[in-house]
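Visitor: A structural model of the following input is requested.
(one chain, ligands or ions: 1)
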Amino acid sequence: MASPPPARTPARLVVLVSGSGTNLQALLDAIDENPAAYGARVVAVGADRNGIAGLERAERAGLPTFVCRVKDFGSREEWDAALAEATAAYEPDLVVSAGFMKIVGKEFLARFGGRCVNTHPALLPSFPGAHGVRDALAYGARVTGCTVHFVDDGVDTGPIIAQGVVEVREQDYEDHGVALHERIKEVERRLLVDVVGRLARNGYRIEGRKVVIQ
Ligand code: GAR
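Guide: Numbering: from 1, shown residues only. Next comes the predicted model:
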């Protein structure tokens, strides 16, 4: 996997969302707090659906947004190419998939492989996919957490950058993981903000499965 260090300061981020966008908000808040020190700025927010809080957060922040819905395209490949094109229009140094609930395809990876970061609510390689929290509970895991990793052509299989651990509590079985996911997201937001800032400020290389932040 290629690993071009972000060339520009501040690095340009395109953030992809599908839902409430609290990870996006954490990035926006960190940047807002000290734009020069953070080393990156969000230049656009993309989504795979309309009417989500994540897009509202972007609009409130005055950011351009774009939406690519799978159902508007004849095939998954066409959707993927359109998503890649819409993202490329903002010339990102890094793409951040922050709760984006779609698997990107060949065209997207051809353009953004090695500079697309995803956050996942489980300790990969355990419990990949769309239900990381529910699957960890169903398995009876006593600890779970979150993983920030580079995106490759598998489902949550790319090189791991950082992980955070969260303990499972007895009560988590009662609400089917709702409170557990909230505790994971608290850790996840801090982790994502830290990782994206360090990648942007320091540069990085990907050596096989190992990510080295300079
Ligand atoms: C986050 O917990 C993220 O890890 C998860 O969706 C949530 C989005 O929260 N992503 C996945 O499950 C991807 N497989 P947010 O919209 O509030 O940032």
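Visitor: what's the pLDDT at whatever residue of the chain ends up closest to the ligand?
Guide: Closest approach between the chain and the ligand, counting by CB to the nearest ligand atom: Gly99, at 2.6 Å. In this view, the C-beta of every residue, glycine as well, is placed from N, C-alpha and C. Gly99 carries a pLDDT score of 97 in this model.
Visitor: can you tell me the element Gly99 falls in?
Guide: Gly99 belongs to no helix or strand when elements are defined using DSSP states H and E.
Visitor: stretch 151-162 close to the ligand?
Guide: No. Stretch 151-162 does not reach the ligand (CB under 6 Å from any ligand atom); its nearest approach is 6.5 Å.
Visitor: need the CA coordinates for that stretch. PDB is fine.
Guide: Extracted C-alpha coordinates of stretch 151-162, given in PDB (Å, rounded to 0.1, in the frame of the first residue of the first chain):
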ATOM      1  CA  VAL A 151      -8.600   1.400   4.300                       C
ATOM      2  CA  ASP A 152      -7.700  -1.400   1.900                       C
ATOM      3  CA  ASP A 153      -9.800  -3.600  -0.400                       C
ATOM      4  CA  GLY A 154     -11.100  -5.800   2.400                       C
ATOM      5  CA  VAL A 155     -13.800  -5.200   5.100                       C
ATOM      6  CA  ASP A 156     -11.900  -3.400   7.900                       C
ATOM      7  CA  THR A 157      -8.700  -5.300   7.100                       C
ATOM      8  CA  GLY A 158      -6.200  -2.500   6.400                       C
ATOM      9  CA  PRO A 159      -3.100  -1.600   8.500                       C
ATOM     10  CA  ILE A 160      -3.900  -0.600  12.000                       C
ATOM     11  CA  ILE A 161      -2.800   2.800  13.200                       C
ATOM     12  CA  ALA A 162      -4.100   2.900  16.800                       C
END
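Visitor: okay then, goodbye and thanks.
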